[in-house]
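# need a structure here:
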Amino acid sequence: MNMLRINPFRDLESWFNTYNRPLANFDKSSNEWAPSVDIIENDESFVIKAELAGIPKDDIKVSIDNRVLTLSGERKSEVKDEKHHRIERFYGSFSRSFALPENIDEENIKAENKDGVLSLTIPKALPKQSLKQIEIH
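Alright, predicted model coming up:
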């Protein structure tokens, strides 16, 4: 005989997860939105990937100040005078900031915008050589 576990709140949880996810990336008070970002670390670098579909690279700005990387820009509205039945994509300006660790090489950061994903590769700095002992003769 098999037992079937019934969770009466499963559908409710699914509904909240589906409809709250877009709201988590939107601040209604400022009309700004925040693109979803993945941050990955490997032995050589940190990689930040941001979903920026539909935003030309000229409308994206990446800057570093005091080890804080800021990604900002704007997705311009495509809404004209047509009748829209649904608008789910966010439009307007955005800004995301990330504190960077001390062990990065700011001079060699690379940025690539491909298929709507901006990838920032932030290389780790080479470790400083340890103190060299000098023999006294």
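# now do the residue most central in space within the chain against Asp43, distance only.
Residue closest to the average C-alpha location in the chain (CA atoms, centre = their mean): Val37, at 2.4 Å. Counting by CB to CB, to the nearest Å, the gap from Val37 to Asp43 is 21 Å. (Glycine included, C-beta is placed from N, CA and C.)
# ditto for Phe94
31 Å.
# more neighbours, these two?
Phe94 (22 against 5; other CB atoms under 10 Å).
# so the more buried one belongs to a strand, correct?
Yes. Membership of Phe94 in a strand is supported by DSSP: H, G, I helix; E, B strand; the rest coil.
# tell me the bridge partners for it.
In this structure, Phe94 bridges to Trp33, Gly73 when assessed by DSSP bridges.
# what does the model give the closest residue to Phe90 other than its chain neighbours for pLDDT?
In space, and not counting its chain neighbours, Phe90 is closest to Trp33: 3.7 Å by CB to CB, 6 or more residues apart in numbering. Trp33 is assigned a pLDDT of 86 by the prediction.
# worst-scoring helix or strand of this structure, pLDDT-wise?
strand 26-27 (a mean of 46; mean pLDDT, DSSP states H and E).
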